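> Here is my input, please return the structure:
(one chain, ligands or ions: 1)
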Amino acid sequence: MSTFFRGRHFITTQEFTNDEIELMLDLARDLKIKFTHGVPTPYLLYKTLFLIFFDESTRTRNSMQAGIAQLGGTGIFLTPDKMQIAHGEVAKDTGIILSRFGDGIGIRFCKFKEGNKYIREMAKHSKAPVMNLQDDVYHPFQVLADLMTIQEKFGKNLKGLKVGISWAYAESHLKPLSVPQSQILLFTRFGMDVTLAYPEGFDLMPEIVEQAKKNAEKYGGKLEISHKMEDAFVDADVVIPKNWGGFFVSDNPDEIRAEQAKHKNWICTEELMKLTKKHSIYMHALPADRGKEVVDSVIDGPHSVVYDEAENRLHTAKAVMALLMGGRF
Ligand SMILES: NC(=O)OP(=O)(O)O
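Below is the predicted model:
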């Protein structure tokens, strides 16, 4: 199985076929069962993974570091301020050197208009797989865990499943576009009927929306855009209300924050959840701005699957690492 994957970069799920995504999820499910039963999975014995984080992380960093350890390898956590990146070393040089030292490189770099370019430049020169741990465009590990969680709740055939992805207000920081963008790209490929709702001005990247529409056409999904939060909730099986920055509103963070503050009413409440189907699930990649993006009674309530979703980050991370970094099983 691993010969399809060995040595490939994981920058967006868009560069993997549906069959390959399903294989990743099959392995993630198998790894989850083995982990739960204490069965060792030393698929990456003696392999080394470098993890470069330009930005903060709880789930991504720890799922990768715990994951590589559970596969028998070693994860080395790096921050640019303690590397020669701080003195201007370019992505090409860092990528060539680290890939001569080890077997994989993971990078988180969310800065708008810079992160994806940096990761692609490193991937161009690295002889080891480069894994995107979230950039300004994509968050492939998150969306893989999201899809795994949705399949756990609704089964493998997701055709016609109604998914509402909505913008929500937040104050903690300017969140990237990468989560909703990855979701509209992947969910439409699995036949889901996606409604994307956001206040005017908080657009996703036009080329990503175009690609998601093409995916929907090709795979029998749907993508509809609305500027009313309710539209993401009516009859939905899955709702994913989450903040993202309005990077097309302005280049100035203060202006984006001021624009966001006009939409404090975009919060996921119990009233909104009542519009969804009875069995609906509430998802969030976390961290959530409680009281801003969502009320406690929803995120802690019966519809919420946020901890299952976060838990699946570990198993999907392990599956991708095992496949790309040369696991033999
Ligand atoms: N969802 C997610 O990527 O979480 P972290 O920012 O904690 O890694």
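> for the nearest residue to Leu147 once chain neighbours are set aside, helix, strand, or coil?
Excluding the flanking residues, the one nearest Leu147 by Cβ to Cβ, 6 or more residues apart in numbering is Leu186, at 6.1 Å. Any C-beta I mention is one placed from the backbone N, CA and C, and that applies to glycine too. Under DSSP: H, G, I helix; E, B strand; the rest coil, Leu186 falls in the helix class.
> ok, Leu71 touching Pro40?
No: checked against Cβ atoms under 8 Å, the pair Leu71 and Pro40 is beyond contact range at 9.5 Å.
> Looking at those two, which is more packed in?
Relative neighbour count places Leu71 above the other of Leu71 and Pro40, with 24 against 10, counting by other Cβ atoms under 10 Å.
> ok, for that one, nearest residue in space, not its chain neighbours?
The shortest distance from Leu71 to any residue other than its chain neighbours is 4.0 Å, reached at Leu44 (Cβ to Cβ, 6+ apart).
> what about the one you found, distance to the ligand?
21 Å (Cβ to the nearest ligand atom, to the nearest Å).
> Check that residue and give its pLDDT.
Looking at Leu44, its pLDDT stands at 97.
> So it is in contact with Gly102, correct?
No: Leu44 is beyond contact range of Gly102, at 11.0 Å (criterion: Cβ under 8 Å).
> These two: which has the busier surroundings?
Comparing Leu44 with Gly102 by other Cβ under 10 Å, the one with more neighbours is Leu44, at 27 against 18.
> What is the three-state secondary structure of the more buried one?
Leu44 ends up coil, using three-state DSSP.
> Now for the nearest residue to Gly220 once chain neighbours are set aside: which residues touch it?
Closest residue to Gly220 apart from its sequence neighbours, by Cβ to Cβ, 6+ apart: Gly191 at 5.0 Å. Residues in contact with Gly191 (Cβ atoms under 8 Å, 6 or more residues apart in numbering) are 157-161, 219-221.
> ok, now with 6 Å
For Gly191, the contact set (Cβ atoms under 6 Å, 6 or more residues apart in numbering) comprises 158-159, 219-221.
> Dump those to a markdown table, plus distance to Ile256.
Converted to a markdown table, those look like this (distance: Cβ to Cβ, whole Å):
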| residue | distance to Ile256 |
| --- | --- |
| Leu158 | 34 |
| Lys159 | 37 |
| Tyr219 | 33 |
| Gly220 | 36 |
| Gly221 | 30 |
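> Any of those residues buried? List them.
Buried residues within the contacts of Gly191, counting neighbours by 16 or more other Cβ atoms under 10 Å: 158, 221.
> from the contacts of Gly191, which is closest to the ligand?
Leu158 (21.1 Å; Cβ to the nearest ligand atom).
> That closest one against Met192, yeah?
Yes: proximity of Leu158 to Met192 meets the contact threshold set by Cβ atoms under 6 Å, at 5.4 Å.
> Look up the residues forming beta bridges with the residue nearest to Ile225 when sequence neighbours are not counted.
Once flanking residues are discounted, Ile225 sits nearest to Leu196: 5.1 Å by Cβ to Cβ, 6+ apart. Residues in a beta bridge with Leu196, per DSSP bridges, are Ile165, Ile225.
> ok, now which ones touch Leu177?
204, 244.
> Please report the distance of it from the ligand.
13 Å.
> Ok, Ala288 next?
Distance from Ala288 to the ligand, by Cβ to the nearest ligand atom: 10 Å.
> Then Thr195?
Where the ligand is concerned, Thr195 sits at a distance of 22 Å (Cβ to the nearest ligand atom).
> And Phe109, by the same measure?
13 Å.
> and what of Gln151?
When Gln151 is compared with the ligand (using Cβ to the nearest ligand atom), they lie 18 Å apart.
> average model confidence for the host helix or strand of that residue?
Using DSSP states H and E, Gln151 maps to helix 140-154. Across helix 140-154, the average pLDDT comes to 98.
> now stretch 55-63
pLDDT averaged over stretch 55-63 gives 98.
> Is any residue of it near the ligand?
Yes: judged by Cβ under 6 Å from any ligand atom, stretch 55-63 comes into contact with the ligand at 57-60.
> Leaving out chain neighbours, which residue sits closest to the closest residue to the ligand within the stretch 101-250 of the chain?
Of all residues in the stretch 101-250 of the chain, Gln142 sits closest to the ligand, at 5.2 Å by Cβ to the nearest ligand atom. Of all residues not flanking Gln142 in the chain, Ala285 sits nearest, at 5.1 Å (Cβ to Cβ, 6+ apart).
> how many other residues sit next to the residue of the stretch 201-329 of the chain found nearest the ligand?
Nearest residue of the stretch 201-329 of the chain to the ligand: Ala285, at 3.8 Å (Cβ to the nearest ligand atom). Using other Cβ under 10 Å as the criterion, Ala285 is surrounded by 25 other residues.
> And for the one 4 residues further on?
The burial count assigned to Asp289 is 18, neighbours taken as other Cβ under 10 Å.
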